[in-house]
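Enquirer: Mind looking at a prediction? Sequence and model below.
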Amino acid sequence: MEVEHHQFDEHWEREPWQEIEDPSNARRIADIAALCPAVTSVLDVGCGNGDLLRALRGKARLRLGCDTSLWGLRAAQNDHPSRLAA
């Protein structure tokens with residue numbers, strides 16, 4: 001099966017993805033998480049590396065993510081190995 005190349009793959013295939021720090025992104029993620037009420041579950045469509053899912057740990061028991069970038073999903077798998085889909 002041939003995997004289609006997606007525009008965000010170039011971003012996520014950079015190494016090491018764990019060390020990519022963007023203070024404005026961290027603030028944006030924190031602001032979004034602060035606005036979210038406590039809920040039972042969350043679906044993050046376009047989850048990338050799972051930053052928002054990690055930020056919502058205390059607000060949602062079930063956190064699911066999906067993304068078209070297989071590289072982004074691989075980056076997110078450290079925290080969410082069974083809750084991601086391409």
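Expert: Nice, I can see it. Numbers count the residues shown, from 1 in each chain.

Enquirer: Please count neighbours and contacts with C-alpha atoms only from this point.
Expert: Fine.

Enquirer: Give me the mean pLDDT for stretch 45-62.
Expert: For stretch 45-62, the mean per-residue pLDDT is 89.

Enquirer: Quick one: the strands in the chain, in order.
Expert: 39-45, 60-66, 84-85 (DSSP state E).

Enquirer: So what sits opposite the closest residue to Asp44 other than its chain neighbours in the bridge?
Expert: If the residues on either side of it in the chain are set aside, Asp44 comes closest to Gly65, at 4.7 Å by Cα to Cα, 6 or more residues apart in numbering. For Gly65, the beta-bridge partners are Asp44, Leu84 (DSSP bridges).

Enquirer: From Ala55, how far off is Gly65?
Expert: 13 Å (Cα to Cα, to the nearest Å).

Enquirer: Those two: who's more crowded?
Expert: Each of Gly65 and Ala55 has its neighbours counted (other Cα atoms under 10 Å); Gly65 has more, 23 against 17.

Enquirer: The more buried one and Ala26: what is the separation?
Expert: The value you get for Gly65 to Ala26, if Cα to Cα is used, is 18 Å.

Enquirer: which intervals of this structure have sub-threshold pLDDT?
Expert: 1-23, 79-86 (pLDDT under 70).

Enquirer: Nothing else from me, thank you.
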